[in-house]
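>>> here you go, sequence then predicted model.
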Amino acid sequence: MENEVHKKRILSGIQPSGDLTLGSYLGAIKNWAALADEYDCYYMMADMHTITVRQVPADLRRHTLTQLATYIASGLDPEKNVLFVQSHVPAHAQLGWVLDCYTMFGELSRMTQFKDKSAKNADNINAGLFTYPALMAADILLYQADLVPVGGDQKQHVEICRDIATRFNGIYGDVFKIPEPYIPPVGARVMSLTSPENKMSKSDKDPGGCVYMLEKAEDILRKFKKAVTDSDACVRFDPAAKPGVSNLMQIYSVATGKTFDEIEREFDGRGYGDFKTAVGESVVELLRPIREETEHLLADKSYLESVYRAGAEKASHVADRTVGKVYKKVGFLAR
Ligand code: TYM
């Protein structure tokens, strides 16, 4: 990596709390692959974040490995990107604790995701769910990341990370790089197909609303055919008045590269039936090679192991340096 020292650095991650969705692909992963040549990239399976909500242990392990295979199948070449499992790099827990002590109760209380998730998990509002943004700040700051490519829903977490880093730097000098969020212009907020006022989410109660990256073609097509639209039979981009149609246009635009104008012209005078079928087919074609390659990679567990072991080593190398610096700054006695 010697010749890559001057490249700007990227860190991002996804929770392996379920099957990856079309939302996480369009909002995050699809953009990551395009950044690999220009940046020094670190992408993780954020398994430590996942246990803020109760998980079935065997499922968590399976989702973590499948997520790694899907990252690679989506174009993240392990030779060019550091792919690792968060819990394999102890520095995340180490810096996470330190940053807990530099993060205010009041600012954590304002996180919209905490409010949403505590409403959904009323029987398990644990301390980890509350302090989650401090761990996410540690994830980013450990790597001195310049850029954090995420969907729109994570913007607030990147902002609190900037606040924590600025506060820490204000006390101890220039310890952390202040990161910028990188949010795609289209695809940053993919909505549920059945309730387009809500984000498409793997925890969606209605399975018809969420498309999964590894889903069978016929299931994807069926979900798009049933997608909620409106009654005025006109394909036009207007998220406030036509949330369902606008969401489908957004998905179609990212899948095909067509602009909203081009899409409006393509479906001018045609019914929603044609439109929904076209969107579904474009998503099937977008995801087909990824699904096939993921299945192929999952058959070779020893290759996947070699990728995450090498990733943990490379990630630790960078992350441990930051932890060392931070421990010294806060006054921990050197071992
Ligand atoms: P997570 O696992 O909920 O989502 C992973 C990524 O996918 C994006 N995303 C979406 N984008 C558009 N439309 C959607 N419907 C949609 N659903 C999900 C998310 O914005 C995210 O980019 N806290 C993070 C994981 C994390 C992380 C980090 C991210 C842990 N540490 C450090 C960046 C840097 C999360 O829960 O994402």
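Nice, thanks for sending it over. Since the model is a prediction, treat every value here as computed from it, not as a measurement.

>>> in contact with whichever residue of the stretch 101-250 of the chain sits closest to the ligand, which residues?
Closest residue of the stretch 101-250 of the chain to the ligand, CB to the nearest ligand atom: Gly151 (2.3 Å). The way it works is simple: take the backbone N, C-alpha and C, and place the C-beta from them, glycine included. Residues near Gly151 by CB atoms under 8 Å, 6 or more residues apart in numbering: Gly23, Ser24, Gly27, Ala28, Ile183, Pro184, Gly187, Ala188, Arg189, Val190.

>>> nearest residue to it in space, ignoring adjacent ones along the chain?
Spatial nearest neighbour of Gly151, excluding adjacent residues (CB to CB, 6 or more residues apart in numbering): Gly27 at 2.8 Å.

>>> test my guess that that neighbour contacts Ala188.
Yes. The pair Gly27 / Ala188 is scored as a contact, 5.6 Å apart, by CB atoms under 8 Å.

>>> more crowded one of these two?
Gly27 (26 against 20; other CB atoms under 10 Å).

>>> hang on, the more buried one is in a helix, isn't it?
Yes. Assigned with DSSP: H, G, I helix; E, B strand; the rest coil, Gly27 falls within a helix.

>>> okay, it: pLDDT?
On the pLDDT scale, Gly27 is placed at 92.

>>> quick one: residues contacting it.
Neighbours of Gly27 in contact, by CB under 8 Å, 6+ apart: Val150, Gly151, Gly152, Asp153, Pro184, Gly187, Ala188, Arg189, Val190.

>>> neighbour-wise, give me the winner out of those.
Tallying neighbours with other CB under 10 Å puts Val190 at the head of those, with 26 neighbours.

>>> for Lys7, which non-adjacent residue is spatially closest?
Asp40 (4.3 Å).

>>> does the one you found touch Arg9 like I think?
Yes. In this structure Asp40 lies within contact range of Arg9 using CB under 8 Å: 4.7 Å.

>>> what's the longest helix in this structure?
The longest helix of the chain (DSSP state H) is helix 301-330.

>>> any figure for the gap between Val235 and Glu266?
Shown here: Val235 relative to Glu266, a distance of 8 Å by CB to CB, to the nearest Å.

>>> looking at the two, which one has more neighbours?
Counted by other CB under 10 Å, Val235 and Glu266 do not tie: Val235 has more neighbours, with 25 against 15.

>>> the more buried one - that's part of a strand, no?
No. Secondary structure of Val235 (three-state DSSP): coil, not part of a strand.

>>> and the nearest residue to Val318 once chain neighbours are set aside, what's its pLDDT?
In space, and not counting its chain neighbours, Val318 is closest to Tyr143: 5.5 Å by CB to CB, 6+ apart. Note for Tyr143: predicted pLDDT of 98.

>>> so which residues on this protein come close to the ligand?
With CB under 6 Å from any ligand atom as the criterion, the chain meets the ligand at residues 11-15, 23-24, 26-28, 46, 49, 136, 139-140, 148, 150-151, 153-154, 157, 188-190, 199-200.

>>> only the buried subset of these, as a ChimeraX command please.
Burial among those is assessed by 16 or more other CB atoms under 10 Å; the matching ChimeraX selection reads:
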select :11,12,13,14,15,23,24,26,27,28,46,49,136,139,140,148,150,151,153,154,157,188,189,190,199,200
